[in-house]
Structure formats: C-alpha cells, structure tokens
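Peer 1: any chance you can model this:
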Amino acid sequence: MEDYIVRATSADMQVRAFAITSREMVEHARKIHNTSPVATDALGRLLSAGAMMGSMMKADEDILTIIVQGDGPLGGMTVTADSHANVKGFVNNPNVLIPPNYAGKLDVGAAIGYGTLTVTKDLGLKEPYASQVPLGTSEIAEDLTFYFAKSEQVPSAVGLGVLMNKENTVRRSGGFIIQLMPFASEEVISVLENRIEKIHSVTDMLERGMTPEDLLKEVLGDLGVDITDKIPTKFYCNCSKERVSKALVSISKKDLDEMIADGKDIEVNCHFCNTNYVFTPEDLKKIANNR
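Peer 2: Numbering: from 1, shown residues only. Below you'll find the model as predicted:
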C-alpha cells in the first residue's frame, strides 16, 4: 500500500482529524540509516507525526522541523516536513540496542530518555516560530499531545505506532491526530474522550489491516467521519551537490584554503538521507572563488 494521509472533519466540524499509513517511508528510513529496531520505531513515529503536522501548513514554502533531544542512548532525532507531506529525518545514534520494556515491546521511552521536544515552523515570516516543551513519557505521541495543548492551545489526541517483522524490517506504521475546535461542545468532548480511552494500540489496529480511513472511523465512532482530502506522503530529501556546496561557502576562508592546500578530496554527508557528496580540490577552488 502506498503511504498516504487523510484529512477529515467530524461532529459538524467540531473536530478535525488526520491519519496516516507510513510503512514505506519508515522502511526507507530504516534502510538508508541502518537503524536498530528501537531506533526505527522511534524515528518512524516521529516521521509519521511530522508528515501529518506538515500537511497542516498552508503555503508551499512552509517548513516544519521537530527535534527530540534526550539523555538516553538514542541521543535525539530530527524530522523535517513540508506542506506537501514530504518528510525526512535521522536519529543521532541509529545503532542503539536496549532491552525491551516490561511488556516485552521496544522501549522507545528509555531509548530517548528525559529531555525536550522542539517544534519550529518556518512560515516565511521574519523569524520562524519555535516552541519547546519537556518530554513527559518520551513515547512521542503523548509528548506531541502535550505540545499541542501547551504551545498551540489545541486539545488533541495523538496516536502513533510502528510494528517490526522478526527480520527487523517494518511491518506496519501509521497513526492519527485528533483535534478539538474552539467551539466544540461539552457533549462532543465527552464522547471523544471516551472513545480515545478505548484505544489501546495503534499497531494492533494497523495489524488488523486498518487503513487511515478505518483508523479515524475507529477513533471517532458515532461522531462520524467526513473525509476532506487524501494526499500522498513519502520520505523525500531535497539535498544535492549544489546545495551542499552552498553550505561549504559558509566555512572560514582559512579552513577552505587548508582543504585546498591539502590536495585531497573531501566527503560531505547529508544527515537526512545519508548521501555522501565528494568535492575535489578543483571543486573547492571554485567554491572559494565564488565566495
């Protein structure tokens, strides 16, 4: 199944909702970063959330960045998404291995540890909007729920999940974001809270073959679901040798001259897609001349 996001409203537009299936993008991330199972799970959850949050933005040039920084062995993660739900990301320590939690499942919370979640939105204004909240459970979904309530004052429910195969490939991945509008009635709020309490596991729903549409029907129940949009989503990095060369312009003249004098090729790695770009001394001379 191709990855995609559905956007919907519910209860006469008192609720807005998003759901995603993201197995392809998470498996792609696993392959290029060679992530361990727990790192794949953590990054997969953040990629799914980032894609949905990116799709909430309006303008083509809008960019969303989510950084999770913790004191656990995973170190941290960075995910960037645009308004077309193109998303990319990486983990600081892709090879982390830790024991499963008390339930025998991948322990994402322990891998991340205590720290912060930072969301930055570059909406083409003079300064990007940035907000930071402390990590609570470090399970990503609960932390984003807290972020929406604290930083955007939008009561929300976030559910995310990644299920791995025995050979450590990605079996299922997806999730949902449900948000209450300011004019939501107490009755709708009560019904939605009761529905959310009954949701035990996103991965269980995905394993039962549920599509994003099915996820929203399961969560929203009798409140109803009115699908307003269905958009493709994928792991996409827009790096190129030209873009990387522009970044090299920013290093000091002294350092650039030393690289040229060394007479050896240098290799620059893109953290997001793990692509390496080689620059010869002649390439570096051109960059120096174009400063």
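
Peer 1: nearest the geometric middle of this protein, what residue?
Peer 2: Leu47 (2.6 Å; CA atoms, centre = their mean).

Peer 1: let me know the pLDDT of that residue.
Peer 2: pLDDT, Leu47: 98.

Peer 1: what helix or strand does it sit in?
Peer 2: Assigned by DSSP states H and E, Leu47 belongs to helix 37-55.

Peer 1: check Ala29 too.
Peer 2: Using DSSP H and E, Ala29 sits within helix 23-33.

Peer 1: got the CA positions of that helix in CSV?
Peer 2: Extracted C-alpha coordinates of helix 23-33, given in CSV (Å, rounded to 0.1, in the frame of the first residue of the first chain):
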residue,chain,number,x,y,z
ARG,A,23,5.2,1.8,6.2
GLU,A,24,7.1,2.7,3.0
MET,A,25,8.7,5.9,4.4
VAL,A,26,9.7,4.3,7.6
GLU,A,27,11.2,1.2,5.9
HIS,A,28,13.1,3.6,3.6
ALA,A,29,14.4,5.5,6.6
ARG,A,30,15.4,2.2,8.2
LYS,A,31,17.4,1.1,5.1
ILE,A,32,19.3,4.3,4.4
HIS,A,33,20.2,4.9,8.1
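
Peer 1: and the contacts of it?
Peer 2: Contacts with helix 23-33, where a contact means CB atoms under 8 Å, 6 or more residues apart in numbering, come from 1-3, 35, 39-40, 43-44, 47-48, 51, 87, 89-91, 94, 162, 168-174, 233-235, 273-274. No exception for glycine: its C-beta is placed from N, CA and C like everyone else's.

Peer 1: buried among those? Make that a PyMOL selection.
Peer 2: Remark: buried members of the contacts of helix 23-33, expressed as a PyMOL selection using 16 or more other CB atoms under 10 Å:
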select buried, resi 3+35+39+40+43+44+47+48+51+87+89+90+91+94+162+170+171+172+173+174+233+234+235+273
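
Peer 1: please name the strands paired to the lengthiest strand in the chain in the sheet, noting orientation.
Peer 2: In the chain, with assignment by DSSP state E, the single longest strand is strand 170-180. In the sheet, strand 170-180 lines up against strand 15-21 (antiparallel), strand 156-164 (antiparallel) (DSSP bridges).

Peer 1: so what's Gly70 bridging to?
Peer 2: Counting by DSSP bridges, Gly70 is bridged to Gly115.

Peer 1: contacting residues around it?
Peer 2: With CB under 8 Å, 6+ apart, Gly70 has these contacts: 76, 112-116, 135, 138.

Peer 1: what about those, which one has the most neighbours?
Peer 2: The most neighbours of any of the contacts of Gly70, using other CB atoms under 10 Å, belong to Ile112, which has 30 neighbours.

Peer 1: from Glu267, how far off is that one?
Peer 2: Distance, Ile112 to Glu267, using CB to CB, to the nearest Å: 30 Å.

Peer 1: grab the nearest non-local neighbour of Met56.
Peer 2: Nearest residue to Met56, sequence neighbours excluded (CB to CB, 6 or more residues apart in numbering): Phe18, at 7.4 Å.

Peer 1: same check, this time on Ile177
Peer 2: Here the residue nearest Ile177, using CB to CB, 6+ apart, is Phe18, at 4.5 Å.

Peer 1: give me the buried positions along the helix holding Ala29.
Peer 2: 23-30, 32-33.

Peer 1: same question, stretch 176-185
Peer 2: Those would be 176-181, 184, for stretch 176-185 by 16+ other CB under 10 Å.

Peer 1: for it, list the C-alpha coordinates in CSV.
Peer 2: Extracted in CSV, the C-alpha atoms of stretch 176-185 (Å, rounded to 0.1, in the frame of the first residue of the first chain):
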residue,chain,number,x,y,z
PHE,A,176,-3.6,9.7,13.9
ILE,A,177,-4.0,13.2,15.2
ILE,A,178,-7.4,14.3,16.5
GLN,A,179,-8.0,17.9,17.4
LEU,A,180,-11.0,19.8,19.0
MET,A,181,-12.1,23.1,17.5
PRO,A,182,-12.6,26.0,20.0
PHE,A,183,-16.4,25.8,19.6
ALA,A,184,-16.6,22.0,20.3
SER,A,185,-19.5,21.3,22.7
